[in-house]
Structures are given as C-alpha cells and as structure tokens.
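Asks: Below are the sequence and a predicted model; questions follow.
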Amino acid sequence: MINDLDYFKHAANNYPVDDFEGFTSYEMHGLLYFPFDEKKSPLSLNTEVESKLISKSSFYNHIIKYLEHLRENQPLKLTQKGNLPRKFCRELFDMGLMEEEMIISRNQITREHDSLYIHAINVFTRLAGLTKKINWKISLTKKSVHFTDNKVPCEIYNYLFKKYVTKFNWGYSDGYPQSWIIQGSFGFTIFLVQKYGNDARNIEFYSDKFLRAFPSAIQDYHGNIVFSAEEKFQNCYYLRVFKMFLKRFGLVNLVCTGDLLLRKTTITKTELIDPVINWRTI
C-alpha cells in the first residue's frame, strides 16, 4: 500500500514541469539516463525514415564513405603512433570528408590529426564497434560489413545516432569543461528544436531554455575578462550540440551572417528531424 508521502512524491514526479517544457520529472529522468528505454524515456527513434531524407546527413554519408574506403584497403597498416597513414587521410579528403567550416588544403594533411574531422570519424567508428585495430592494422568489424553489404539507411543512421550520443565524448579536446549534462540532455535539446525550430532563432534562445531546465549547468563555467560564464556556456553548448551533433546528423540548419567580430548564427530545424524523432507519454 502506498502511504501519503509516497503518493505525493509519485504525483509530483508525474506532473508536467514548465521549465521542462511540459515533461514530468519522471520523463526527464528517463530522457537523461535511459534515453532509448521505451519504458522509461519519452524519446523514440523512428525505424522507417525515407532514404532520401537520411542522405541529407553529411556525417552519415561520410561514415559510409569512410567504411567503404577502409574495406577496399583493409587491413590498413597504421603509423608507428597508431594513426591513419597520410595517403589514406588525403584520399578521404579528396572524397569530400571534411566539414564546411574547415579551411585546409590537401597538402596540409601530413598526418591524421591535421584533419580533426577525419580523426573524429576514426575515433568514433572504433568506439561504435565498426572498426577494430589489431597488430597495428585497422579493419572493419562484422557489424560494419553488414552495414556496407546491406545498406539500409535508416538502420545505419539509428545505429550511428545511438552510438554517437552514448559512446563518443562530445567534449573531446575542445577545451571546455566536461559538463556531462550538455551531452546527456541531447534529447531535451532535440525537443526544443522540434518545438521552436520552424522560426530562425539564435543560440541565446536555446541556451536560456536549457538553463531554465538545468540551472546548475552554468556552475561548470567561469567567466573572465573576455567572456562571461553565460557566454562560455553558450559557446560550448553551440559547438557540442548544434554544430558537432545536430548539424552533422542533418537535424538543423546553421546560417551565419555578419563579419568575424559581429557574426550571428541562426538555427532552424530541417525536414529530417521530425521523421527521425518521435515522442511518447510515459
């Protein structure tokens, strides 16, 4: 039998919270700690999304190209430091494995780390169980061979999505505090974009919404004479979530205007985000 105290606790956890954009405390807990558990999380990945929509994700396309090229060259002998060889990296660059913001030429790639994007793909695919490194050689895993043989876009996309949010450290070498909540709350940010993303909005809008839900997140950041704590948080939030996650997976459009000193970026959702992410009541 539930006593009065337990009853009120249960009722409170199942009451919509304004700062959570209507999610209950129970739903938010599931979204943060069990994002893909159908019994605990309100988030659901659609298993039937049109291939032409999936193909709008640059990261998805680049992962496929990377795996296919590695398959043609496997087992690929790594450098003495365990990195991808220069020739292979330059071939990937020639195949278009770069992000729009990168200003780098082919000849500048003398090692894997000269292209942080190629390095990130190498690290991610290994963490995702798509490649394996044995005796200083790298090759595809059985899972990766299955993907490259069958080429079912939605299956591959959902797999990459789950691994990217659970296995890959978004704060890897970006210089900001680890601040787990930024990555852990990826689902909440997606919900915000789906709800408000029809209109072009800036990072300040989403940052304010985020900090209303998770005010303690600001404690990881400390201001200085150049940037306030809030500005540091906004920069980190934008970089990790909007640029390095949502943009890569084709879920947002980022449009920059103005010069380097007064540059503003507006955020809108793409036609892929709603078909990919569904929401349910727990």
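Replies: Ah, there it is. Computed from a predicted structure; not experimentally measured.

Asks: quick one: contacts for the residue nearest the centre of the chain?
Replies: Central residue of the chain (CA atoms, centre = their mean): Phe245, 2.7 Å from the mean position. Applying CB atoms under 8 Å, 6 or more residues apart in numbering, we find Phe245 in contact with 164-165, 170, 186. Where C-beta positions appear, they are placed from N, C-alpha and C, glycine not excepted.

Asks: Columns distance to Thr281 on top of those, output as JSON lines?
Replies: JSON lines is the format used below for these (distance: CB to CB, whole Å):
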{"residue": "Tyr164", "distance to Thr281": "26"}
{"residue": "Val165", "distance to Thr281": "22"}
{"residue": "Trp170", "distance to Thr281": "29"}
{"residue": "Phe186", "distance to Thr281": "20"}
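
Asks: Kindly indicate which of the residues you listed lies nearest Lys232.
Replies: Nearest to Lys232, judged by CB to CB, of the contacts of Phe245 is Trp170 at 15.7 Å.

Asks: and the closest one, how far is that from Tyr117?
Replies: Distance, Trp170 to Tyr117, using CB to CB, to the nearest Å: 14 Å.

Asks: any weak-confidence spans in the chain?
Replies: In the prediction, the chain carries residues with pLDDT under 70 at positions 1-13, 100-103, 258-263.

Asks: about what we covered before: tell me the secondary structure at the residue nearest to the centre of the chain.
Replies: What DSSP: H, G, I helix; E, B strand; the rest coil gives for Phe245 is helix.

Asks: Tell me the spacing between it and Arg111.
Replies: Counting by CB to CB, the gap between Phe245 and Arg111 amounts to 26 Å.

Asks: Report the distance from the longest helix along the chain to the chain centre.
Replies: Using DSSP state H, we find that the single longest helix of the chain is helix 58-73. The chain centre lies 18 Å from the centre of helix 58-73; the measure is CA atoms, centre = their mean, to the nearest Å.

Asks: How about stretch 158-167?
Replies: The answer for stretch 158-167 is 8 Å, by CA atoms, centre = their mean.

Asks: Show me what it is in contact with.
Replies: 35-36, 45, 47, 59-60, 63, 124, 127-129, 147, 183, 186, 245, 249, 276.

Asks: same check, this time on stretch 145-156
Replies: Defining contact as CB under 8 Å, 6+ apart, one finds that stretch 145-156 is touched by 46-49, 51, 54-55, 60, 63-64, 67-68, 71, 130, 140, 159.

Asks: name the helices or strands packed onto the longest helix of the chain?
Replies: Where contact means 3 or more CB pairs under 8 Å, 6 or more residues apart in numbering; DSSP states H and E, helix 58-73 is packed against helix 86-94, helix 116-127, strand 137-140, helix 142-150, helix 153-166.

Asks: As a markdown table, those with distance to Cys256 would be great.
Replies: Listed next are those as a markdown table, based on distance: least, CB to CB, whole Å:
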| stretch | distance to Cys256 |
| --- | --- |
| helix 86-94 | 23 |
| helix 116-127 | 18 |
| strand 137-140 | 35 |
| helix 142-150 | 33 |
| helix 153-166 | 24 |
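
Asks: Now mean neighbour count and distance to Cys236 too, for those, in TSV please.
Replies: Formatted as TSV, these follow (neighbours: other CB atoms under 10 Å; distance: least, CB to CB, whole Å):
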stretch	mean neighbour count	distance to Cys236
helix 86-94	18	28
helix 116-127	19	17
strand 137-140	18	31
helix 142-150	15	31
helix 153-166	19	17
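
Asks: out of those, which comes closest to Val17?
Replies: Distances from Val17 to each of those were compared using CB to CB; the minimum, 22.7 Å, belongs to helix 153-166.
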